[in-house]
Each structure stands twice: as structure tokens, then as C-alpha cells.
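K.L.:
sequence plus the predicted model coming up.
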Amino acid sequence: MIRTMVRVLGFLVVALMTLAVGGFGYLYLRKPAMVPPAHVRVESTPARLARGRYLYNLADCDGCHSLRDYSRFDGPVVESGRGRGTVFPPDLGLPGVVAARNITPDKETGIGNWTDGEKIRAIREGISRDGTALFPMMGYERFRHMSDEDVYSLVAYLNTLTPIQNPLPRSKIIFPVSMLMKGAPQPAGQVPEPDRSSKVKYGEYLVAMAGCMECHTPAKQGKPVQGLTLAGGQEFRFPGAVVVSANITPDPQTGIGRWSEQYFLDHFYQYKDYAEKGAPLVGPESFTVMPWLNFARLEPEDLKAIYAFLRTQQPVYHVVDSHPVWTSRLSPRSKATKAPASSVIACNRKFPLLSDLQAGSRLRGDEPCGIP
């Protein structure tokens, strides 16, 4: 009897080990879902170039792929480094070395030798030219819903960027993320134009392209936290600065529930001067990853559509301190006068307007929760 039990247990152990090894082998050897790149050469037209540049700004491609000047508000792009790529700092806590590649037409270090079909596949399906999966920090899971015409326009614009020679290391993702991420790419197929007849539906499309969900929904172990969709709280760590995304649900106390449509538009357009004339020098209390300079250029109808979609979302009461490190450094007197967490101004904007700088002030505290 005992011998039989030992034999059975031994068999079970061997079976489990075999399954474990087999499962590991499957994950290690499997390739991401993919289809061959389309045989297409994107025609460049003035309309496509204009739309492509608009989408490039909406999706904040510069946020990962360009050289930025973070000594100035919102880190405006250094024109000589647009699209050159970058290696993300370890402070972000990413699983390994992650490099956003050079997306200029440079033939040696960029994507100058890629076909337009290969670029489209990378953008929407997350497959690099060599058939490997791109790290899903690249927003291909949402770009999968980008319409065919929009992705053609984006590629047309990318083809006009100034070639920059900037060799970068390959991303090296650690185990087990390196294997699990192979499940992220999926073929996009044909994607129709978004429905512009419905303000809410078109707003949903724009929100997806802009990545609002990814930044404003906190995540744990790469998964969105249930019940906190768009409620803010996602932390972004950079050398010398920490910023936390704000609550943009329609909650009237901690979100944007009290914002009118016009106030929503004004909140973005107040940075038009910065976008057109140059952003001012700022300190760490004004650090932000929200692409204000890009969104200040969006068309009014598009911002209205985004606002309409956000108004349909579930209100979530969720207090967020968008600049926790800077808040902790406030003087005792400043802390004593800070608004209580439950108030409608609990997450005041911590960066200046042009009028603030001219008046010698760096902080404002007279409005509802802002967007860091």
C-alpha cells in the first residue's frame, strides 16, 4: 500500500514537472499572433500629412520617442531630437531595459528601411519588423482601433520626419514579462472610420487614441484596478520628480463633475500661448506628464467630443494628490493652509499659467481638480 502511494506520488511529481517544463517551453518558443505586413505604399497628400501630424500630437508620440526639455513646462520637444528615440530611466520601475525606438526615416538607426506596411503593423498590431513583439508600453493595443485612413495619415507624417542617426540598445525585458507580453499583439484587420455623427462615440475613439485610460486608470501588476477607471492615481516616477494622474471621472468632488463644457475647453486652451510661443522655465513643483502643449492645439469639436464621452463614465470618488513629493516638502505653514482632502480643490493644479508667472506666483488654488 505504502509502495503504491509512493509510486503514485512520484508519478504525480513527474507529471507536474513535465507540465511545468512543457508550459515554460511553450511560452518560451511561441511566437506572437501576427499576419504578414500589408503590401501598401502610403500616398502622401496635404490632407493626410495634416491629419497625420494631428494624430501624432493627439497620441503624444513625442512623449516616448523624442528628446524633451523638462526644464520647461510640459517638456517641449527639442526639434533637433524629434523622433530620435530614448531609453527610459530605471526610476520608472519598468521590467528591464525599455527603449522607445528611433522612428525617424534614418536608414541605419531608424525605420528608413521599413516598408509602410511594416510601420502600420508595428503601430496597430505590436509586431516589429523582425517579427518580435513590441513591449506594450507602446500603445498598439489601443491603436489597434485606429482606422485604416488614420494610420495611413500617421505613417505619411512619420515619413516626413527629419532623419536622425541615433543608435539605441534593444529593449531587454526580464522574465516572465518577456514571455507573457507575447500574448499582447493581435492582428487588426480592416478598421473603418470612426463614427463622427455621435459625439460620444467619436469622443471614445479620441480618448483611445490619446491614451487617457492608460494614464488616468491606476494599475497593479499591469492590470487596471477594478472600480477606478479614469479615477486617477497612477504614479509616474522620473528622476527628481513624481507625478500622479488625476481623477477625470464626472465625480463632483474629486473629479471633473462640476466642469462645464466651456470650462473643459478653457482648461486646455489656456496653454495655447505656451504651445505657440514657447513654454517657460519651471521647477519640480510644476512637473507634468500630461501633454498640455499638444492638447492645447486640438480642435474645439474634438475636445467637446472627449468631454461628452467622459461625462458618460461612472463617477468615482477618489482623492488624488498629483504632486505628492512636492506636497511633502511644503512648509508647515503651507501644509496648515492646504485644502482638506475631501474638498473640491483637493487636487489643485500645481503648475503656473502665463499670468501667474507675470504676477510672480507659481501656484494657483482657485479651481477644481486639475489634470497633472
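P.N.:
Noted; the coordinates are in hand.

K.L.:
now do the contacts for residue 72.
P.N.:
In this structure, residue 72 makes contact with 278-282, judged by Cβ atoms under 8 Å, 6 or more residues apart in numbering. To be clear about C-beta, it is placed using only N, CA and C from the backbone, and glycine gets the same treatment.

K.L.:
er, residue 34 actually
P.N.:
By Cβ under 8 Å, 6+ apart, the neighbours of residue 34 are 121, 125, 127, 131, 185, 187.

K.L.:
in PyMOL, how would I select the buried members of those?
P.N.:
A single PyMOL command selects the buried members of the contacts of residue 34 (16 or more other Cβ atoms under 10 Å):
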select buried, resi 121+125+127+185
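
K.L.:
and the contacts of residue 34, which two are the farthest apart?
P.N.:
131 and 187 (13.3 Å; Cβ to Cβ).

K.L.:
isn't residue 323 up against residue 246?
P.N.:
No: if you go by Cβ atoms under 8 Å, residue 323 and residue 246 don't touch, sitting 10.5 Å apart.

K.L.:
ignoring the adjacent residues along the chain, who's closest to the residue nearest to the spatial centre of the chain?
P.N.:
Centroid-nearest residue in the chain, with Cα atoms, centre = their mean: residue 211, separated by 4.9 Å. Leaving aside its sequence neighbours, residue 211 sits nearest to residue 139 (Cβ to Cβ, 6 or more residues apart in numbering; 5.5 Å).

K.L.:
now do the contacts for the one you found.
P.N.:
Residue 139 touches 59, 211, 214, counting by Cβ under 8 Å, 6+ apart.

K.L.:
so which of those residues are in helices?
P.N.:
residue 214 (DSSP state H).

K.L.:
using PDB, write out every CA atom in stretch 268-278.
P.N.:
What follows is stretch 268-278, C-alpha atoms only, in PDB (Å, rounded to 0.1, in the frame of the first residue of the first chain):
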ATOM      1  CA  PHE A 268      -6.700  73.200 -22.300                       C
ATOM      2  CA  TYR A 269      -6.700  76.300 -24.300                       C
ATOM      3  CA  GLN A 270      -5.100  78.300 -21.500                       C
ATOM      4  CA  TYR A 271      -1.800  76.800 -22.600                       C
ATOM      5  CA  LYS A 272      -2.100  77.900 -26.300                       C
ATOM      6  CA  ASP A 273       0.500  80.600 -25.700                       C
ATOM      7  CA  TYR A 274       2.900  78.100 -24.300                       C
ATOM      8  CA  ALA A 275       2.300  75.800 -27.300                       C
ATOM      9  CA  GLU A 276       2.800  78.700 -29.900                       C
ATOM     10  CA  LYS A 277       5.300  81.000 -28.200                       C
ATOM     11  CA  GLY A 278       7.300  78.600 -26.000                       C
END
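
K.L.:
which parts of that stretch are buried?
P.N.:
So, applying 16+ other Cβ under 10 Å, buried residues of stretch 268-278: 268-269, 271, 274-275.

K.L.:
could I get the phi/psi values of residue 174?
P.N.:
In terms of degrees, to the nearest 10, the main-chain angles of residue 174 are phi -80, psi 160.

K.L.:
show me how far stretch 301-310 is from its chain's centre.
P.N.:
18 Å (Cα atoms, centre = their mean, to the nearest Å).

K.L.:
buried residues, that stretch. List them.
P.N.:
302-310.

K.L.:
what sits against residue 109?
P.N.:
Residue 109 neighbours (Cβ under 8 Å, 6+ apart): 102, 164-168.

K.L.:
doesn't it belong to a strand?
P.N.:
No: counting by DSSP: H, G, I helix; E, B strand; the rest coil, residue 109 falls outside a strand, being coil.

K.L.:
quick one: pLDDT of it?
P.N.:
Here the pLDDT value assigned to residue 109 is 98.

K.L.:
quick check: pLDDT value at the spatially closest residue to residue 235 that is not a sequence neighbour.
P.N.:
Nearest residue to residue 235 in three dimensions, chain neighbours excluded: residue 244, at 5.2 Å (Cβ to Cβ, 6+ apart). Here, the pLDDT recorded for residue 244 equals 94.

K.L.:
quick check: residue 244 touching residue 318?
P.N.:
No: with contacts counted by Cβ under 8 Å, residue 244 stays clear of residue 318, the gap being 11.0 Å.

K.L.:
name the residues contacting each of these two.
P.N.:
In contact with both residue 244 and residue 318: 232-233, using Cβ under 8 Å, 6+ apart.

K.L.:
on that earlier part again, ranking by neighbours, what's the top pick from the contacts of residue 109?
P.N.:
residue 102 (24 neighbours; other Cβ atoms under 10 Å).

K.L.:
look up phi and psi at that residue.
P.N.:
phi -70, psi 120.

K.L.:
distance check, it against residue 284.
P.N.:
Relative to residue 284, residue 102 is positioned 29 Å away (Cβ to Cβ, to the nearest Å).

K.L.:
ok, and what's touching stretch 176-190?
P.N.:
By Cβ under 8 Å, 6+ apart, stretch 176-190 touches 27-28, 30-35, 95-96, 124-127, 133-136, 140-141, 144-146, 148, 173, 222.
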